[in-house]
Each structure stands twice: as structure tokens, then as C-alpha cells.
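*Asks:* can't give you the sequence, but here's the structure:
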């Protein structure tokens, strides 16, 4: 067999394709004109067709006419046929389809909307992409599938996670099994130690609607420069942080094809799914649905506080995880003190030895507390003490330090909190 080879300069690739490869199509009789042959085959020449069109970011639609300038950019230079930009990293469609059909380690398979957004993001070729979804829509499940597809194509460690807070970063790490960091700390590491991204990586920024505009701009610019893809995940309808300035919402609304999850998986009742979406979009009429299903109680302040506390107490005694929300810091403190008094009476909290906290409250063995300051020097298992972590006090020491165990765990994940930290950065939770 003889193989002939030639050197082609940039721009010659598409000419070779049109004049040699296409002209010599093996199924075509040489007496059949090319135009008629491809029209009869259902692929008329001169048009953009096929599943790969979706990878062009919505700038070209199936059926659009192909120009010579587009061909030269795409085939001759390997660039986007409209913008001329180098394409971002992607995942082959065959890999995406295999991942979307395969259950995860918990036996969960993707819903149709989750499979659609995963395909759209993995194939888009965009260096900055977005994923939109309300709470309970399955963003984490979709991200996990994307992580598996991306690592299959680009290798282990090719997916990194960032989030605006240390707690959110830890949740992302636990959910996806990847290395994560909060955005402020990552930027500090970049400035001090030169930490950066590499070509082909997928950088997932979770809770992006809460991230500061300057932070997003800095990090995405570095990722683009490195040839990494950034995926901003969040909900534009979520209450923004003061520093966010609606940047995430602006990015979403600037596109008419932003990947969005629309099916709510968290609720069992269909009416509640619809009502939650109505509240998300500011539709006050859906409050009637909650009233109809007896989800709203009314009364004066004291009556409502008593009712809320009684319901919370019943949940706790029944072994349920329950959250009691109040309208002010004063109400929160009063409810915490009341709850703690009852826990002391029933023996859950041992008040024989206590430490005083910064807000005048006291903590003892058995109390649930929240740490309010990040401190990487305080290690708890494989993690460290973060702002917003919940703990159970297991021991109050003579010097005022506390031994804490992560709330909900029966063993492991313990840490000794120095007396100074306990006095300044711990609250009843």
C-alpha cells in the first residue's frame, strides 16, 4: 500500500477536504455531481448540520449557510468559525452519552433535563459556561456526572472546585470527591505561591450567584488564559450577596441558551414543586397554595414563637433534624437559651462544667454549637474548623478549651478548640 503525504500550511486543510476528500467519497459514482449526491443523501452542501453544531455555543444553527471564512477558521486554523477564538476543552459525545445512562455510586440516574444540560456544557467549547437551577433541581447530581465524564477524558484531578465560603467549598468537596477551596483563599494562594490552572481543567465555581464580581472576574480570566473551562453554578433568582452585584444573573441573561435545570426533585408533592418555583420568581399568588395545604399559621408574635418552638421540640424528640428560624438575633438567643434549659433538665446537656461564650451564653457537654471563624490550624479528621460548621460539645476542659465532634457523627471528626477561640468564635447552634 502506498501513502502519499504533503505539508499543508494553515488554511489549506479545508481546501484539501473539499477538493480531495469530499470529491473522492467512496460511495459516490464519479458520474454523479457532488451537489446532487449530497442532497439525495439528506446532507445538502453548504449547510451546517449534525450534533456537533451545538458545540459552537449557539452562534450557528443547523441549516445555516457555511461561508469560506468560517471553514478557514474552523478547519484551517482550528478556531471557532464565528469568533475566531481557540475552542475550550470538551468531552466527546460518546463519553457523555455513556455517563448519562450509567447510575452513580448511589444508584441514581440522571433525569432528562440533567442529561441535556450535561451534554450542552460538555460539548459547548465555551471557556466560561453557566449552569442554572433552583434549590432541589439536582445541580449536584448533574455536576457529579459531569465530573466523571470530564475526568474520563482529561484525567484524574482535572476537575477542581471553588465556592465563595469555606463551608460551601467543603460541601462541594464532599459531594463531588474533588479538591476544593474558597475563592478568597485560592486567590491568596495564587498571589503568594503562584497557584493557577492548567489547560484542559474544568473549574467549577459553586454558589456563583453569591460570589463577588471582582473575584469571579479574576479567577475566570486566569482560567481562560490557561485554557481551562470555568463552569459557574448557581441560581440567578437567589438572594445575592452585597459584593456579587448581580454578576452571575447578568452572565445568564446575556445568553439565550443558558443550561438550566427545571425539574424539582426535592419535594414529594407536585403542588409544592410548582409553588416553590413561583416563589422563586416572585409570584405572591402561590402563597394561597401553601395556605390551602395548611402550611401557614397565624397569630401574634408570642403565640407564633411558642408554636414554632413546640414544633421544633417535637421534631427533636422524634429523632428528626429540625431548624428553628426566628426574626431577630434577640429572638434567636432567647430560643437557644430556652432549648438549652430543657436539654439540661432532660439530661442531654451536662451543665456541671460550662464555658462562657462571647454573647453571654454558656456551653457544656451535650450542647450543639456553631464555629464562626475559619482556622486551618484546628484540624478535625481530614478537614479543619470552618465558619458555619456545627458541632456537638463532648468535653469542657479545665482550661476552658472544648472538645468538639462534628454534629451528626457518633465518632471521628473531633477537634480541641482552644479557650480563646471558644470564648470569641463559638455560639450555641
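*Replies:* In hand now; what should we look at? Keep in mind it's a predicted model, so treat the numbers as computed, not measured. Numbers count the residues shown, from 1 in each chain.

*Asks:* all helices of the stretch 301-429 of the chain, in order?
*Replies:* 301-317, 329-345, 419-425 (DSSP state H, counting those that start in this stretch).

*Asks:* Mean pLDDT, distance to residue 149 and mean neighbour count for those - can I get that in CSV?
*Replies:* Using the backbone N, CA and C atoms, a C-beta is placed for each residue, glycine as well. Formatted as CSV, these follow (pLDDT from 0 to 100; distance: least, C-beta to C-beta, whole Å; neighbours: other C-beta atoms under 10 Å):
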stretch, mean pLDDT, distance to residue 149, mean neighbour count
helix 301-317, 90, 39, 13
helix 329-345, 88, 43, 15
helix 419-425, 94, 40, 16
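
*Asks:* between the ones you listed, which gets nearest to residue 183?
*Replies:* helix 419-425 (21.5 Å; C-beta to C-beta).

*Asks:* For the residue most central in space within the chain, what are phi and psi?
*Replies:* Nearest residue to the geometric centre of the chain (C-alpha atoms, centre = their mean): residue 206, 3.5 Å. Dihedral pair for residue 206: phi -80, psi 160, per degrees, to the nearest 10.

*Asks:* Over to residue 298?
*Replies:* Taking degrees, to the nearest 10, you get phi -130, psi 160 for the backbone angles of residue 298.

*Asks:* now residue 131, nearest residue through space, not along the chain?
*Replies:* Once flanking residues are discounted, residue 131 sits nearest to residue 233: 4.6 Å by C-beta to C-beta, 6 or more residues apart in numbering.

*Asks:* The one you found: neighbour count?
*Replies:* 26 (other C-beta atoms under 10 Å).

*Asks:* so what's residue 308 up against?
*Replies:* 324, 325, 326 (C-beta atoms under 8 Å, 6 or more residues apart in numbering).

*Asks:* For residue 99, which of the helices of the stretch 301-429 of the chain is the nearest?
*Replies:* Of all the helices of the stretch 301-429 of the chain, helix 301-317 comes closest under C-beta to C-beta, at 38.3 Å.

*Asks:* Please work out the angle formed by the directions of the closest one and helix 329-345.
*Replies:* Our comparison of helix 301-317 with helix 329-345, counting by axes from the mean of the first three to the mean of the last three C-alpha atoms, to 10 degrees, yields an angle of 40 degrees.

*Asks:* Quick one: distance of helix 301-317 to the chain centre.
*Replies:* Its chain's average C-alpha position is 34 Å from that of helix 301-317, according to C-alpha atoms, centre = their mean, to the nearest Å.

*Asks:* What residues does the residue nearest to residue 131 make contact with?
*Replies:* 130, 131, 133, 139, 143, 204, 205, 206, 207, 208.

*Asks:* swap in residue 400?
*Replies:* Residues counted as contacts of residue 400 (C-beta under 8 Å, 6+ apart) are 355, 419, 422, 423.

*Asks:* How is this structure divided into domains?
*Replies:* 12-76, 93-253, 328-428 (automatic domain parsing).

*Asks:* Burial-wise, tell me which of the ones you listed comes out on top.
*Replies:* domain 93-253 (a mean of 19; mean count of other C-beta atoms under 10 Å).

*Asks:* Pretty sure residue 58 sits against residue 256.
*Replies:* Yes. In this structure, residue 58 is within contact of residue 256 by C-beta atoms under 8 Å, at 7.1 Å.

*Asks:* ok, and the closest non-adjacent residue to residue 352?
*Replies:* Using C-beta to C-beta, 6+ apart, the closest residue to residue 352 is residue 364 (7.3 Å).

*Asks:* beta partners for the one you found?
*Replies:* Listed by DSSP bridges, the beta-bridge partners for residue 364 are residue 354.

*Asks:* Pull up the gap between it and residue 287, please.
*Replies:* For residue 364, the distance to residue 287 equals 42 Å [C-beta to C-beta, to the nearest Å].

*Asks:* follow-up on the earlier one: in TSV, list the contacts of residue 308 along with neighbour count, distance to residue 82 and pLDDT.
*Replies:* Conversion of these to TSV gives the following (neighbours: other C-beta atoms under 10 Å; distance: C-beta to C-beta, whole Å; pLDDT from 0 to 100):
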residue	neighbour count	distance to residue 82	pLDDT
324	17	54	89
325	9	49	88
326	16	54	87
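
*Asks:* List just the nearest of those residues to residue 227.
*Replies:* Comparing the contacts of residue 308 against residue 227 with C-beta to C-beta places residue 325 closest, at 44.9 Å.

*Asks:* for the closest one, what are its contacts?
*Replies:* Residue 325 touches residue 308, counting by C-beta under 8 Å, 6+ apart.

*Asks:* Next one: it from residue 371, what distance?
*Replies:* Taking C-beta to C-beta, one finds residue 325 at 20 Å from residue 371.

*Asks:* One more: residue 306?
*Replies:* Distance, residue 306 to residue 371, using C-beta to C-beta: 30 Å.
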